Every structure is written in C-alpha cells, then in structure tokens.
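Chemist: Need a 3D model of the following:
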Amino acid sequence: MKVVGFDQKILLHHLDFATQKLNEIPIKNMHSLLDEYLMSDIKGTGTRRCAHAIIMKIWWSVEGNHRFIRDHAHHIYPILTKTENQLLHWCMTCLAYPFFKEQVNYLGKHLRMADEVRSRVVLAEMKNLYGDRRRVEVATSAVFSTIKNWNIVKMTSPGVYQMPEKRIEINSSELKNLMVEVLMDHLDTNSVILEMVNNSAIFFPFDYHISTGDLNEKRFTIIKNIRDTIIERNPKIPYSFE
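Modeler: Residues are numbered from 1 along each chain as shown. Got it, this is the predicted structure:
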C-alpha cells in the first residue's frame, strides 16, 4: 500500500523558519526549537507533532539524491523573492511527498480544462491511487487546506476550488532548473521534452517559461531534433552550485 504521509496543513512561514535554520544548529536542537515555534499556530500536541514531522521531512530529513537538490535550494533561498520562495517550498514539498505531488498534478490538469474543481472529484482520484481509507481523505483535505492558505487556490463555496486571478510569476533561472529536476523526479526519468516542462500540470499555479538558455550546462544537456528539444540530465553529476 502506497505511503500517504502528508496529513496536516502546513503554513509558509513554518517552512521559512525551517529553511532559515538549516545548517545553523544540530538537528536534535531543531526539533525542540521547531516545536516551540509551532505552538503559536498549533495548540494540539498531536496535530503539532504531525506538522513537525512534515516540515522536517521537507527541509531537514531529506533522503537520497534529494539532498543535493535540497542543498542547492537552501543555497538560493536568500536571493529569491517572497513569491519565488513559494515555488521553492512547492518543489521541495513535491519531492518529499509524492501524495502532495500527485494531488496537485491532478488538480492542475482539471483546472486547465475547467474554471473550478470539486474536492470530491480529486478525493476519488486520490483514493484510486492510494486506497479507499480514512487517511487518504485526511491527506487530501490537508493538501487543499495547505495550498488554499498559500493562496494557490481559492474556495468559492464548500468543496469548490478555483485559481486566483493571477498566477505567481517566476523569472529566476535557478528555480527553472529546479522545476526540471522536480518533473524528472515525478516521471522517474533523466530526460524530458522542453515543451513538457513548460506545460506541466504540477506547476499550474505559476506563470513561467523555460528556455534552453535558462538551464545549467553542467547539469543538463540539450538535444534538439526536428520535432522536439530534449533536456537530458547527467545522473553522475550531483546537483551542484558555485
């Protein structure tokens, strides 16, 4: 049975706090510091414990090759705007929680075809992917609550969601490289078509356009043929920064 994991609303400033403290203190000290920070927003011990675990998994307890991406994301965090950091947190949450990534991908597909989407339609798809169980219902609701709080979507009536009037503009080439990494992770591949990246449903809340000039030549190889422009990642080179 597929792991769900994401079962609590997460606020942006919680993720900002975790990002800012990364590499400043030992992880054992971070646990108590984060718990204290969360108390002002989350009174219940059990609820706070769930949020704590999610936040730490997104930025601190990162697994495998995602650590290279996390380190780079942390490196560029201070130079990004507040709105650009929303995409940074979005990307890291997608990497940490496939459930979150699959739900926003499905949501993005629907919002491209219609002006609104009903939560029960999304819940049915998530149950199809993760099983008909209470935990899936809780997690689906938690994702909706999270992205609503981030102003990614707005609820026009109970269980009905729409896009805000304006998408979040992204100009940073560093973030555009990160978006390619996230899509490759989602598709479990080392190569994607450029057009696919520019039209990915995962990034539906963001207004962006990626060109070959935005991509890191050390990390990606560009292959052009008659029909497509292919981005190929060198899996032997960890995600690095200068």
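
Chemist: what's the helix or strand for the closest residue to Arg133 other than its chain neighbours?
Modeler: The shortest distance from Arg133 to any non-neighbouring residue, by Cβ to Cβ, 6 or more residues apart in numbering, is to Lys127 (7.7 Å). In this view, the C-beta of every residue, glycine as well, is placed from N, C-alpha and C. In the assignment (DSSP states H and E), Lys127 maps to helix 119-130.

Chemist: Show me the contact partners of the helix or strand following that helix.
Modeler: Going down the chain from helix 119-130, the next helix or strand is helix 134-149, by DSSP H and E. Outside of helix 134-149, the residues within contact range by Cβ atoms under 8 Å, 6 or more residues apart in numbering are 4-12, 99-100, 103-104, 119, 122-123, 126-127, 130, 153-155, 161, 205.

Chemist: ok, 6 Å please
Modeler: By Cβ atoms under 6 Å, 6 or more residues apart in numbering, the surrounding residues in contact with helix 134-149 are 4, 6-11, 99-100, 103, 119, 123, 126-127, 130, 153, 155.

Chemist: Out of those, list just those in helices.
Modeler: Those of the contacts of helix 134-149 mapping onto helices are Phe99, Phe100, Gln103, Ser119, Leu123, Met126, Lys127, Tyr130, per DSSP state H.

Chemist: Which of those residues are buried? Put it as a ChimeraX command.
Modeler: Buried residues among the ones in helices among the contacts of helix 134-149 (16 or more other Cβ atoms under 10 Å), as a ChimeraX selection:
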select :99,100,103,119,123,126,130
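
Chemist: What is the nearest of the ones in helices among the contacts of helix 134-149 to Glu232?
Modeler: Set against Glu232, the nearest of these by Cβ to Cβ is Phe100 (26.7 Å).

Chemist: residue contacts, that closest one?
Modeler: Phe100 makes contact with Phe6, Thr93, Val143, according to Cβ under 6 Å, 6+ apart.

Chemist: shouldn't the first one be in contact with Phe99?
Modeler: Yes. With contacts defined as Cβ atoms under 6 Å, Phe6 counts as touching Phe99 at a distance of 5.0 Å.

Chemist: how far away is Leu183 from His110?
Modeler: Relative to His110, Leu183 is positioned 19 Å away (Cβ to Cβ, to the nearest Å).

Chemist: Same check on Ala142?
Modeler: In terms of Cβ to Cβ, Ala142 sits 19 Å off from His110.

Chemist: More neighbours: the two, which one.
Modeler: Of the pair Ala142 and His110, Ala142 is the one with more neighbours under other Cβ atoms under 10 Å, namely 23 against 17.

Chemist: which stretches of this structure form helices?
Modeler: Along the chain, counting by DSSP H, helices occupy 12-21, 27-38, 45-59, 66-76, 82-96, 98-113, 119-130, 134-149, 173-187, 194-198.
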